[in-house]
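Asks: Build me a structure from this.
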Amino acid sequence: MNDPGLDEPIQETSKDVEQDRKDELDFQKEDEQAFLNPSRWWFASTAFPLLAGTFGPMASAFSVCALSENWRVIVPHGPGGNEAHGIDVKDPGWLYAVNSISLLFALTANLALLLNMARRLSFAIAQPITIVGWFIASALLIALVIAATYGLTLPGQDRALTQAFYYAIIASGLYFVIAALMCVTVYGAYKGHYPQEFKLTMSQRTLMLQTISFMVYMLAGAAVYHRVEGWRFLDSVYFTNFTLLTVGIGSLAPKTHTGRALLFPFAIGGIVVLGLVIGSIRSLVLERGKKKLGSRMVEKKRVQLLKKMYKKDQQNKLIPIDSKEQADDLGMTERERRKSEFELMRQIQDHATQRQKWNALFISGSAWLFLWLVGAVVFWKAEHQQEWSYFQAVYFAYTSLLTIGYGDFTNFSNAGKAAFVFWSLLAVPTLTIVISNMGDTVVKSIRDLTDYLGEFTVLPGESSTKQRAKQLVTSVTSTFRGKEGREETMDEPPGMLGEKQDESTQGIRGHGAMTGATDRLAGEFEKEELSAADDAVQRGDEVSKDAHEYHYQLIREFRNVMKHLNENPPRRYTYEEWAWFLKLMGEDEEDQSLHRKPPVKVRNDYKGDRKPDMQQGGMEDEMDEQRQWSWLCNRSPLMGETGEADWVLERLSVTLEKGLKRQHKSRRDKGQSRVNVEKDAKKGLPSDSGSSGTLETQKGAEDKG
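Replies: Down below sits the predicted model:
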């Protein structure tokens, strides 16, 4: 008889069995699709909208700067007369009107994009508003810039253009670029390369909000110092910029007690906000960007390797072995063939990881070098009245880029000040990314070399000199070959994997409350399953005993794998460990029925009603059929961006959940069968014991499976 009060919950969980299978397939499809998206379309679907959402508010802030002051000044004659001390010339009313309309279109475009990303406005409605709004804003500002340059001359006067004019140029350029990027995004969506929606993470949305907050904070601070110190508003913007970026050029400094007192909270608050922005940029570029770039490199290397093997007629190493004759011809079993596939995949990963690190350093370093040298050209030309040489401009850009800020060279021209604000907002985060990338490559090599020299000289370790030299040679050789990561050997058979890992991961940091609570809960489940298995032995129910022992194994490995989640570097399992995990999930590496020859390419578009072709691994559309796969195919657990421990943990939890649901369903069916027998007995009808027994046997076999 069923336990009282459990009938309804058991019935509800049994109804979820088919849905559970569908959810599992959806999870795997999303994971595979995230990996298969080519990097250029990832940029179009995620990076371009993120850039637009970040630089859109910045461009709008520069539009506010362009609207805040007149665009022309008369340069006074005599000693010390320069454009920084020019006399304002009032602009015509139509210039203010067109400038305001441009800002209105830009703000509308920004709002539409943010509402679309927040899923408050549909893609089809928001994107035309965003793109058209930014293009119109850009066109209007460009028209004003041309008119101010050629149509608003002052005959007989030495005139100059103010910082507001140059901010208008910067804003118009930003509007045009981000609108063009969004055109690429819309094109990719309508061509079916990704869904017509933005799936931005919380950190990506946070970056946009932080950028808006920083620009508002900087302009608000400029307004305060404009009032307190009596500076021009755009000079105050220049001051708040080099203050919050900690450059400290020193050409402007508070003179009043109020201004100096306000600097205490203003500077620390701005530095905190800036730190949050840089942290978000670093996280997105170095973590998400690196993962995507690394995954793409793995995919390209995988395709290259398969093509090379096909060209050399080595396809027999990729075809599952289904007979003893085939195994004898190759001289290996199916498990050995799979292990060779696994090792090839590890080589691909190692090569791609090394290449990705150095590529990331090259890209970020090139961007930093470009900003440095090209920025120096801009400052050299802008400060022609100071007669800077190019070397002096390079020196100024370098000391500003590294936030040293000696103050021996400063910007006095209006063009130089406006250019410096925009340039510094790009340069400082870029420098942060370069330093972080150097930490994975150059700095790491220097640190390792320092440690080795220390062991050979003043800080000898426990190893002998010969052993240290051998380790050094091995390390250098592995680095050039791209061998990195953690490959562990198993001294224990797969069945002892849990105990071995449990001992080796003592003291792993990072789980905290999650590990404590979940580990205790899983421990209780382990005890329950062992107790249930003992009860089944006493009853002589071998099928139930096997099912409970199987659940115990799943829970035990679940606890062990959970300890690997936050390891640094991430945990990389050996082939024997993978074979054990897969066996727990119902896939035997010795059974070739679920194995297949790896495909070279897969289809991954969304054209029309056609979904991405995730069946290249041999999976069927029917829910109940398992899919064939290879360690070198797109369905390989080693291919996606998901960490190995995360992948195993997710699949173990799904397997355990399905097993428990089958067990509950079996108990419910047995209970219902007993109720039917009792009803038939009360009615005087013969019981269909044979049918009932057959049913229980089937369910027991299902549990055992």
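Asks: Using the three-state scheme, assign the nearest residue to residue 365 once chain neighbours are set aside.
Replies: Once flanking residues are discounted, residue 365 sits nearest to residue 434: 5.6 Å by Cβ to Cβ, 6 or more residues apart in numbering. In short, each C-beta sits where N, CA and C put it, glycine included. Following DSSP: H, G, I helix; E, B strand; the rest coil, the label given to residue 434 is helix.
Asks: Return the residues in contact with residue 434.
Replies: For residue 434, the contact set (Cβ atoms under 8 Å, 6 or more residues apart in numbering) comprises 361, 364-365, 367-368.
Asks: change it to 6 Å
Replies: 364-365, 368 (Cβ atoms under 6 Å, 6 or more residues apart in numbering).
Asks: my read: residue 600 touches residue 306, true?
Replies: Yes: the pair residue 600 and residue 306 qualifies as a contact (Cβ atoms under 6 Å) at a distance of 5.0 Å.
Asks: So the two - more neighbours on which side?
Replies: residue 306 (22 against 14; other Cβ atoms under 10 Å).
Asks: got the buried residues for the helix or strand hosting that one?
Replies: Using DSSP states H and E, residue 306 maps to helix 290-311. Neighbour-count burial for helix 290-311, counted by 16 or more other Cβ atoms under 10 Å, picks out 290-299, 301-303, 305-306, 309.
Asks: Residue 323 and residue 629, how far apart?
Replies: 21 Å (Cβ to Cβ, to the nearest Å).
Asks: Also residue 299?
Replies: Counting by Cβ to Cβ, the gap from residue 299 to residue 629 is 15 Å.
Asks: so after the longest helix along the chain, what's the next helix or strand?
Replies: Taking DSSP state H as the assignment, the helix of the chain that covers the most residues is helix 334-382. Proceeding N to C from helix 334-382, the next assigned helix or strand is helix 390-401, under DSSP H and E.
Asks: Report the inter-axis angle for that following helix versus helix 334-382.
Replies: 120 degrees (axes from the mean of the first three to the mean of the last three Cα atoms, to 10 degrees).
Asks: Can I get helix 390-401 in CSV, CA atoms only?
Replies: Output in CSV follows, covering the C-alpha atoms of helix 390-401 (Å, rounded to 0.1, in the frame of the first residue of the first chain):
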residue,chain,number,x,y,z
TYR,A,390,55.6,64.1,-32.1
PHE,A,391,57.9,62.6,-29.5
GLN,A,392,56.5,65.0,-26.9
ALA,A,393,53.0,64.0,-27.9
VAL,A,394,53.9,60.3,-27.5
TYR,A,395,55.4,61.1,-24.1
PHE,A,396,52.2,62.9,-23.0
ALA,A,397,50.0,60.1,-24.3
TYR,A,398,52.1,57.4,-22.5
THR,A,399,52.1,59.2,-19.1
SER,A,400,48.4,59.8,-19.4
LEU,A,401,47.6,56.2,-20.6
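Asks: May I see the buried residues of stretch 205-216?
Replies: 205-208, 210-212, 214-215.
Asks: Looking at the residues you listed, which is nearest residue 443?
Replies: residue 207 (25.6 Å; Cβ to Cβ).
Asks: That closest one and residue 278 touch, don't they?
Replies: No: the criterion here is Cβ under 6 Å, and residue 207 misses it with residue 278 at 10.1 Å.
Asks: Show me the shaky parts of the stretch 401-550 of the chain.
Replies: Judged by pLDDT under 70, the stretch 401-550 of the chain has its weakly predicted residues at 452, 454-527.
Asks: Strands along that one, start to end?
Replies: In the stretch 401-550 of the chain, no segments count as strands under DSSP state E, counting those that start in this stretch.
Asks: And the stretch 1-150 of the chain, by the same measure?
Replies: Using DSSP E, counting those that start in this stretch, strands in the stretch 1-150 of the chain cover 72-74, 87-89.
Asks: So which other helices or strands are in contact with the last one?
Replies: Yep, that's strand 87-89 we're talking about. Here strand 87-89 touches strand 72-74, going by 3 or more Cβ pairs under 6 Å, 6 or more residues apart in numbering; DSSP states H and E.
Asks: re earlier: contacts for whichever helix or strand comes after the helix holding residue 306 next, please.
Replies: The helix or strand immediately downstream of helix 290-311 is helix 324-330, counting by DSSP H and E. Helix 324-330 is contacted from outside by 321, 333, using Cβ under 6 Å, 6+ apart.
Asks: quick one: buried residues of helix 324-330?
Replies: residue 326.
Asks: can you give me the offset of that helix from its chain's centre?
Replies: Relative to the centre of its chain, helix 324-330 is centred 45 Å away, using Cα atoms, centre = their mean, to the nearest Å.
Asks: mean confidence for it?
Replies: Here helix 324-330 scores 77 as its mean pLDDT.
Asks: re earlier: between the helix holding residue 306 and helix 334-382, how big is the angle?
Replies: Interaxial angle of helix 290-311 relative to helix 334-382 (the same axes, to 10 degrees): 130 degrees.
Asks: counting contacts, what elements does helix 290-311 pack onto?
Replies: Against helix 290-311 (3+ Cβ pairs under 6 Å, 6+ apart) you get helix 334-382.
Asks: Look at residue 323 and residue 629 and report which has more neighbours.
Replies: residue 629 (21 against 9).
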